[in-house]
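[1] here is a sequence together with a model predicted from it:
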Amino acid sequence: MEIVINILFLLAALGMISAVLLQSSKSAGLSGAITGASQSMFGRKKGVDDLLAKLTVIFAVLFMVLAIVLTILRA
């Protein structure tokens, strides 16, 4: 049982890392100051960013719950 939860824990960690890295950054930095808002208005995919934000929350909650379950099982 603990091996299955460890595998799920690893998958949740990798999923959360992937979802965070695939999100577009919220601040444009220096390039946003030079090019203005046109790049962020036309270059941003709203649906994908929203999906990745939801996936990040789901993976984070799953990660925390599995961490608590693993702690209880090992005690």
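    Great, that's in hand.
[2] check which helices and strands the lengthiest helix in the chain is in contact with.
    When the chain is parsed with DSSP state H, its longest helix is helix 46-74. In this structure, helix 46-74 makes packing contacts with helix 2-22, judged by 3 or more CB pairs under 8 Å, 6 or more residues apart in numbering; DSSP states H and E. In short, each C-beta sits where N, CA and C put it, glycine included.
[3] contact partners of the helix it packs on?
    By CB atoms under 8 Å, 6 or more residues apart in numbering, the surrounding residues in contact with helix 2-22 are 52, 55-56, 59-60, 62-63, 66-67, 69-70, 73-74.
[4] same thing but at 10 Å, please
    Outside of helix 2-22, the residues that reach it under the criterion CB atoms under 10 Å, 6 or more residues apart in numbering are 48-49, 51-67, 69-70, 73-74.
[5] just the buried subset of the residues you listed, please.
    Among those, those classed as buried by neighbour count (16 or more other CB atoms under 10 Å) are 52, 55-56, 59-60, 62-63, 66.
[6] so which one among the residues you listed has the lowest pLDDT?
    Model confidence across those bottoms out at Leu52, which has 93.
[7] list the contacts for it?
    18-24, 45.
[8] who wins for neighbours among those?
    Using other CB atoms under 10 Å as the contact criterion, the top neighbour count among the contacts of Leu52 goes to Ala19, which has 19 neighbours.
[9] any idea how far Val65 is from that one?
    With the distance defined as CB to CB, to the nearest Å, Ala19 ends up 17 Å from Val65.
[10] just Met16 next, same as before
    When distances are taken as CB to CB, Met16 and Val65 turn out to be 13 Å apart.
[11] over to Leu8?
    Counting by CB to CB - Leu8 and Val65 are separated by 10 Å.
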